[in-house]
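Engineer: when you get a sec, could you give me coordinates for this:
(one chain, ligands or ions: 1)
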Amino acid sequence: MNNIVIGTSGWSYKDWLNVFYTSSEKMFQQYASVFKTVEVDSSFYNQPNLGLMRAIARSSPKGFVFSLKVPKTVTHVKLMDLEKGAMRDLKLFLSVLTPLKEGGKLGPLLFQLPPKPAEAFKGFHDFLESLPEGYDFAVEFRHPTWMNDEAFRVLSETNVGYCIVDEPLLSALLKVTGGFSYVRFHGRGKRPWYYYDYRVEELSEWKERLEELSSKAEKVYVYFNNHFRGYAVKNALQMMKIVGTAETPQEEALNKILSYFGEEGLRRTVSRVEAALSSGEKNVEKLVSAFLEGGRLERARELAGRVVIEEAGEENVKARVKEYTVAISLSERRLKHYCEDWVKRIGQKQFCKHVAALFLAMKPEESARILSLICRNLDNWVFETEAGKS
Ligand SMILES: [Zn+2]
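Structural biologist: Just a heads-up that it's a prediction; the model follows:
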């Protein structure tokens, strides 16, 4: 899958500092030391300036590819209508891209449509037919009325690429038009979508899809737009790993990001534990909640009835929760358990639903005693895995 290039949408984000960037200076150079492509999205808001295009053409490594969003005057103001002068604006935009084009660094140019029905774009077909030669253009539809054979026929006929999206509104249709493929990951969050960190399983769903696209298209461009807190960088690097294009610099960058998020998760647990302790050491639910994120408290409550406590001594507690075991040793300060979620969360000293269910099932005073011991001495407690289930 060597024809797949993966990057992010934009690179200049302050909240990527520490997550990905080591300094706020020369962000682009830092970005280009890890990625081979980027989607420029600032060009959507303002016509880019020639000086900047010259500078990035010069300072980017050989083989680096820039995809750019077409200015919104073309897509949103003039609705790709020749009569409204949309082509004039597009050509002005293209003239500024000359340094990239001459340097062999120009990737596809993306028309991201506004979320309007297809019928609002009366001149769409004519506009695409009039596109100048020598460029790769792609269109991102953002309304369900575009999802029909007619729209795809127009793209095919005019040799314009279809932009595949991963987002909550439209489904990902693996169509290839225009000879190349263009995939954008917007996130699956709720308003805004890009406050979203894709899980590895969600990214892995794309392995086969990208393989398919890779075999159908000359080149596959993949961009992550979920830029909030650096998730885009993390997910882009994870995707490179999944499709097998990650090498040492990408592996290193990913490991650094993962450890950043792990440490940050631990800091989050510590501050919640401190808050729970200060609000009273008797409240089991509050203490347990300090170790839980997502909907795990709810799930732990549902499981509490299925906990079988096998030993509940001063020093040791042992229990079964469905087919899983949980063991607590107070003298050794160890919490032992094994499940997939536990493995993922112990770096942040977080509980899974099974461990939480045990604390909810125990006698409240006993549970509060143990939890406050853990809370007061969190640093010294070891959350460990025990291979195999009972
Ligand atoms: Zn578990």
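Engineer: going forward, measure contacts and count neighbours with C-alpha atoms only.
Structural biologist: Noted.
Engineer: now for residue 361: which residues touch it?
Structural biologist: Neighbouring residues of residue 361 by CA atoms under 8 Å, 6 or more residues apart in numbering: 304, 305, 307.
Engineer: give me the domain ranges for the chain.
Structural biologist: Residue ranges for the domains of the chain, per automatic domain parsing: 4-246, 268-385.
Engineer: span of the first one from start to end?
Structural biologist: If I follow you right, that is domain 4-246. Using CA to CA, to the nearest Å, one end of domain 4-246 lies 11 Å from the other.
Engineer: mean confidence score for that domain?
Structural biologist: Here domain 4-246 scores 95 as its mean pLDDT.
Engineer: and residue 249, how many neighbours?
Structural biologist: Neighbourhood size, residue 249 [other CA atoms under 10 Å]: 12.
Engineer: residue of the stretch 151-300 of the chain nearest the ion, please.
Structural biologist: The ion sits closest to residue 300 of the stretch 151-300 of the chain, with a gap of 9.8 Å, by CA to the ion.
Engineer: got a list of what that residue touches?
Structural biologist: Shown in contact with residue 300 (CA under 8 Å, 6+ apart): 353, 354, 356, 357, 360.
Engineer: in JSON lines: the domains of the chain, plus distance to residue 261.
Structural biologist: Output for the domains of the chain, formatted as JSON lines (distance: least, CA to CA, whole Å):
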{"stretch": "domain 4-246", "distance to residue 261": "8"}
{"stretch": "domain 268-385", "distance to residue 261": "9"}
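Engineer: what ranges do the helices span in the stretch 101-250 of the chain?
Structural biologist: In the stretch 101-250 of the chain, the helices defined using DSSP state H, counting those that start in this stretch lie at 124-129, 149-157, 200-216, 231-243, 248-278.
Engineer: need the CA coordinates for the third one. CSV is fine.
Structural biologist: Below are the C-alpha coordinates for helix 200-216, written out as CSV (Å, rounded to 0.1, in the frame of the first residue of the first chain):
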residue,chain,number,x,y,z
VAL,A,200,-7.6,1.7,17.2
GLU,A,201,-10.5,-0.7,16.4
GLU,A,202,-12.3,2.1,14.5
LEU,A,203,-9.1,2.9,12.5
SER,A,204,-8.5,-0.8,11.8
GLU,A,205,-11.9,-1.0,10.2
TRP,A,206,-10.3,1.1,7.5
LYS,A,207,-7.4,-1.3,6.7
GLU,A,208,-9.3,-3.3,4.2
ARG,A,209,-11.1,-0.2,2.8
LEU,A,210,-7.8,1.5,2.2
GLU,A,211,-6.4,-1.6,0.6
GLU,A,212,-9.3,-1.7,-1.7
LEU,A,213,-8.8,2.0,-2.6
SER,A,214,-5.1,1.5,-3.0
SER,A,215,-5.8,-1.2,-5.6
LYS,A,216,-8.3,0.9,-7.5
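Engineer: returning to that earlier point: tell me which of the helices of the stretch 101-250 of the chain is the most buried.
Structural biologist: Compared across those, helix 231-243 shows the largest average neighbour count, a mean of 24 (mean count of other CA atoms under 10 Å).
Engineer: what residues does the stretch 251-390 of the chain have near the ion?
Structural biologist: Residues of the stretch 251-390 of the chain lying close to the ion by CA under 5 Å from the ion are 339, 352, 354.
Engineer: got a pLDDT number for the second one?
Structural biologist: In this prediction, residue 352 carries a pLDDT score of 96.
Engineer: ok, now the first one?
Structural biologist: In the predicted model, residue 339 carries a pLDDT score of 92.
Engineer: residues near it, how many?
Structural biologist: Per other CA under 10 Å, the neighbour tally for residue 339 reads 18.
Engineer: what do you get for residue 66?
Structural biologist: When counting by other CA under 10 Å, one arrives at 23 neighbours for residue 66.
Engineer: so it sits in a strand?
Structural biologist: Yes: assessed with DSSP: H, G, I helix; E, B strand; the rest coil, residue 66 lies in a strand.
Engineer: what bridges to it?
Structural biologist: Taking DSSP bridges as the rule, residue 66 bridges to residue 38, residue 106.
Engineer: so how far is residue 52 from it?
Structural biologist: With CA to CA as the criterion, residue 66 and residue 52 are 13 Å apart.
Engineer: cool, and residue 149?
Structural biologist: Distance of residue 149 to residue 52, given as CA to CA: 40 Å.
Engineer: now do residue 93
Structural biologist: 13 Å.
Engineer: more neighbours: which of those two?
Structural biologist: residue 93 (20 against 13).
Engineer: return the set of buried residues in stretch 91-101.
Structural biologist: 93, 94, 96, 97, 98, 99, 100, 101 (16 or more other CA atoms under 10 Å).
Engineer: now do the contacts for the fourth one.
Structural biologist: When contacts are counted by CA under 8 Å, 6+ apart, residue 97 touches 50, 53, 106.
Engineer: contacts only, for the second one.
Structural biologist: Residue 53 makes contact with 96, 97, 99, 100, according to CA under 8 Å, 6+ apart.
Engineer: possible to save the residues you listed as a markdown table with distance to the ion and secondary structure?
Structural biologist: Shown next, in a markdown table, are the contacts of residue 53 (distance: CA to the ion, whole Å; DSSP: H, G, I helix; E, B strand; the rest coil):
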| residue | distance to the ion | secondary structure |
| --- | --- | --- |
| 96 | 56 | helix |
| 97 | 54 | coil |
| 99 | 55 | helix |
| 100 | 52 | helix |
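Engineer: for the closest residue to the ion within the stretch 1-150 of the chain, the count of nearby residues, please.
Structural biologist: Here the residue of the stretch 1-150 of the chain nearest the ion is residue 19; by CA to the ion that distance is 28.6 Å. Using other CA under 10 Å, residue 19 has 21 neighbouring residues.
Engineer: give me the element it is part of.
Structural biologist: Secondary structure assignment for residue 19, by DSSP states H and E: no helix or strand.
Engineer: which stretches of the stretch 251-390 of the chain form strands?
Structural biologist: With DSSP state E, counting those that start in this stretch as the criterion, the stretch 251-390 of the chain has strands at 307-312, 316-321, 324-329, 334-337, 382-385.
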